[in-house]
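Asks: Predicted model follows, preceded by the sequence.
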Amino acid sequence: MQRALLRFLIATLLVGGGWIVSKQPDVSTIVRSIQGTNAPSPEQGDPALLANRDTIRVGSFNIQVFGEHKLAKPEVMNVLARVVRLYDVIAIQEVRAKANDILPHFVELINAEGAKYDFAIGPREGRTSSKEQYAFIYNTVTIDIDRESMYAVNDPDDLFQRPPFVAAFRARGPPQSEAFTFTLIDIHTEPDHAIQECDALANVIRAVREDGRHEDDVILLGDLNTDNYHLGRLGQVPSLTCAISGVPSNTRGTKLYDNIIFDSRATTEFTGRSGVFDLMHEFQLSMAEALEVSDHRPIWAEFSVREGGQDGHLASRPGRAVQPR
């Protein structure tokens, strides 16, 4: 297994060629957790309000079998569209459809009231006939994507059921030389092999840092199928921070599966605000209605739009609840 963990090749989807990465990161310290406990309010998803903010909100949501069946339920899709409008960029897991029009239809619904979102989607992944895709949906008012940066982690040793999908982004607003740039790694681990895949993710983070783009703000986010105390070798990578801790992210409110993870030394743009969005409370849904949407809740973390953060805009201490503005 150790030999296999060293053999990650990064292969671009949209640009020919790639980089071979075989260095193993040091592992010595436990993941720290910094988190605010309050979710963003629904009205904060209005792009007109977002355009002049000094922060961006990054999220993740496993929509649970997001395909034609769910697309045919208007009440469910309206909730999903409202959720996405809360975020500047959100990583989606479990896009599971044979057709290629799921995300275009979804983004059309998101934009029906004047929003300006777009999407990027990865290849179909999985060892079985039931394939899944990762996706990023982002607000073009506040976020730029570098489409030439998108790639999948090639997994020659079959360590992942669904190898991660990677893309690079930049916050809009500040001059390009001052804007926060970051790379997102979208992941959905296999539940029965979550710890083994988290072990391999330690090497993925190292590989993405060394993929030739010289980006130090690398953010891993998605459905890890484990909490922040059981991340295997991923939890031993120095200075990695889990934005979510001690708050359930499944809809039934019993388990923490989802997280947003980054290097606290590099990503000083993190404001200290993060949390789990409670669909039932915020949208006044019954448990049955919420489960129709997904068996997961969306999660979020907030970052400065400026590289290195802003003067006077400090991350809160671990455990301190912070009200989003």
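Replies: Perfect, thanks for sending it.

Asks: May I have the phi/psi pair for the closest residue to D223 other than its chain neighbours?
Replies: Counting by CB to CB, 6 or more residues apart in numbering, D223 lies nearest to N62, which is 4.2 Å off, once chain neighbours are set aside. For glycine as for every other residue, the C-beta is placed from the backbone atoms N, C-alpha and C. Main-chain dihedrals, N62, degrees, to the nearest 10: phi -90, psi 110.

Asks: Contact partners for N62?
Replies: Residues in contact with N62 (CB atoms under 8 Å, 6 or more residues apart in numbering) are 92-94, 188, 222-223, 257-258, 294-296.

Asks: dump the residue contacts of E132.
Replies: 93-96, 124-126, 162, 188.

Asks: To clarify, my last question referred to P174.
Replies: Contacts of P174 by CB under 8 Å, 6+ apart are 180, 305-306.

Asks: In strands, which of those fall?
Replies: Judged by DSSP state E, those include no members of strands.

Asks: Ends of stretch 263-277, what's the gap?
Replies: Start and end residues of stretch 263-277 are separated by 23 Å (CA to CA, to the nearest Å).

Asks: One more: stretch 243-262?
Replies: Terminal-residue distance, stretch 243-262 (CA to CA): 8 Å.

Asks: Stretch 185-203 too?
Replies: 12 Å.

Asks: heads up, I number from 115, so please use that
Replies: Sounds good: first residue 115 from here, last item stretch 299-317.

Asks: what is the mean pLDDT for that stretch?
Replies: Rounded to a whole number, the mean pLDDT of stretch 299-317 is 97.

Asks: coming back round to it: what about the residue nearest to D337, distance to L273?
Replies: In this view, N176 and L273 are 20 Å apart by CB to CB, to the nearest Å.

Asks: what's the answer for G336, then?
Replies: G336 is 16 Å from L273, by CB to CB.

Asks: Please identify which of these two sits among more neighbours.
Replies: Shown here are G336 and L273; by other CB atoms under 10 Å, G336 has more neighbours (29 against 21).

Asks: what sits against that one?
Replies: 174, 176, 205, 207, 248, 278, 299-303, 372-373 are the contacts of G336 under CB under 8 Å, 6+ apart.

Asks: thinking again about what came up before, what sits opposite the residue nearest to D337 in the beta ladder?
Replies: Note on N176: beta-bridge partners by DSSP bridges are Q207.

Asks: Now do the helix or strand containing A249: everything it contacts.
Replies: Element membership for A249 (DSSP states H and E) is strand 247-253. Surrounding strand 247-253, the residues in contact under the criterion CB under 8 Å, 6+ apart are 161, 164, 198, 201-207, 209-210, 217, 220-221, 224, 229-239, 259, 276, 278-279, 281, 283, 298, 300-302, 336.

Asks: And the buried ones among the residues you listed, selectable in PyMOL?
Replies: Selection of buried members from these for PyMOL, criterion 16 or more other CB atoms under 10 Å:
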select buried, resi 161+164+198+201+202+203+204+205+206+207+209+210+217+220+221+224+229+231+232+233+234+235+236+238+239+259+276+278+279+281+283+298+300+301+302+336
